[in-house]
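*Asks:* Model the following, please.
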Amino acid sequence: MLHKTIGRILKIGVLLSTWGLIATVLLQIFCRFTPLDTPSWTEEASRLFFIYAMSFGAGLAMKNEYYVHLDMFYSRFPIKMQRWLVQVIPVVVLVLFVVMAIYSVQFVLLGIPEKSPSMGFNMGVAFFSMLIMSTSISYYLWKKIQRNYKNSKS
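*Replies:* Predicted coordinates:
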């Protein structure tokens, strides 16, 4: 149940962020070809929508294993080394993203008193994307480590 809910939240986040990005870019394009002035907030909004689309999508990419694999090097290693790498690499990456999650909380808290230049919201909102990315990647890495452990036992 939790697994499906997290996946749905990430998918909805990607969709809303992507549609927001498309809308703000289309507004910018429309205003450039008309006598209307382009609103100053559209550049910052499109950047924020892009950042959030990537943050929500990063966890989904980890879930579906869409990241790049260097099979050319991996396939040249002996089978024992390949099995070891399959076990160790996700653990190392998980540790790195857990550390990122911990420090991203501090970063969000530091950004709360700051205001964005053109939109005026607190920058903790923008920095929160790092927490979303690091926790969603960590969650799906943890699931992958559990699967790898079960598969190695059988």
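
*Asks:* Now name the helix or strand holding the most centrally placed residue in the chain.
*Replies:* Most central in the chain under CA atoms, centre = their mean is residue 55, positioned 2.4 Å from the mean C-alpha point. If you go by DSSP states H and E, residue 55 is part of helix 41-63.

*Asks:* quick one: secondary structure of the residue of the chain most remote from its centre?
*Replies:* The centre of the chain is farthest from one residue, residue 35, which by CA atoms, centre = their mean lies 37.4 Å away. Three-state assignment for residue 35 (DSSP: H, G, I helix; E, B strand; the rest coil): coil.

*Asks:* between the helix ranked longest in the chain and helix 41-63, how big is the angle?
*Replies:* Secondary structure of the chain read by DSSP state H shows that its longest helix is helix 79-111. Interaxial angle, helix 79-111 versus helix 41-63 (axes from the mean of the first three to the mean of the last three CA atoms, to 10 degrees): 150 degrees.
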